[in-house]
Each structure stands twice: as C-alpha cells, then as structure tokens.
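*Asks:* quick one: sequence plus predicted model below, questions after.
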Amino acid sequence: MWHRHHPPPIGHKFSIGVANEANVLVGVAMVGRPVARHYDDGFTLEVNRTCTDGTRNANSMLYGAAWKAASALGYTRLITYTQEGESGSSLKGAGWKVVAQRPPTKGWSSPSRPRVGNGNDGIARTLWEVA
C-alpha cells in the first residue's frame, strides 16, 4: 500500500524495520531470494522492497541492517535494484556499490506463457551489491 511504484513481492526470507526515537516504525525492508535465477546461488539474497515514511536516513539504515542480518545468517552477497531516475543515495550511504546497468526489458510475458507485468517492464535499472 505504501510503496510508490510496485505491488508487494511474493515471499521473503526476513523483514526488518527501523523506528524513530518515540519507538514508532518509520520504515521496513523485505529481503528474499534473488528474482533473477542466475543470482539464486544459495549465498546471495536480494532486498526486494524498502518503504519509509520519509524519515531522514531511514532507508540507509534499512540497507545497512539488511546486510548485517544477511551476513549473520551466512550469506556472502546482498543485491538490489534501483530504477532509472533514482539516485541510489541511500545505498551509497550504506556502503553499497554499483555492479551493472541493466537496459529496459520487455517483461516476462511470451505467447507460450503469458504473464501480467509487475510494474518494472520497460524501465532501465541499476544493480547494486554489498559483499
């Protein structure tokens, strides 16, 4: 409901939250298996979604905490994507690095296996990682 451009992801490994000084939840992150099957190697997780109320640095805190939790669980790499037009400043603030620029895709649908788009078809993306 609160995320600005995508429907909720399906399934995840863990969720984390960040609270303000009054102990009010101001942001959440969902971390799961990588969507791209070639990254699903058993050592990599993906931050599938973050959402905040705009509290300063909350998103960076979520990305940092997600990496701490993933590495504590034995994972050696955490990835996520930003869409074209997003600066990635929260990721930079949490120490993540750009790995690749991904061109827009047509989506997953094909005549033999029709699928409904998930909101990111036709949008260039940047792949980020922390390891």
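*Replies:* Yes, it's here. The structure presented is a predicted model; accordingly, all values stated were derived computationally and were not measured.
*Asks:* do a quick rundown of the helices in the chain.
*Replies:* Assigned by DSSP state H, the chain shows helices spanning 58-72, 89-93.
*Asks:* now, of these, which is deepest in the fold?
*Replies:* Comparing those by mean neighbour count (mean count of other Cβ atoms under 10 Å), helix 58-72 ranks first with a mean of 20. Glycine gets a C-beta too; all of them are placed from N, C-alpha and C.
*Asks:* elements contacting that helix?
*Replies:* strand 14-19, strand 25-32, strand 44-52, strand 77-83, helix 89-93 (3 or more Cβ pairs under 8 Å, 6 or more residues apart in numbering; DSSP states H and E).
*Asks:* not counting residues beside it along the chain, what's closest to residue 64?
*Replies:* Closest residue to residue 64 in three dimensions, ignoring its sequence neighbours and counting by Cβ to Cβ, 6 or more residues apart in numbering: residue 94, at 4.3 Å.
*Asks:* residues near that neighbour, how many?
*Replies:* Other residues lying near residue 94 total 19 when counted by other Cβ atoms under 10 Å.
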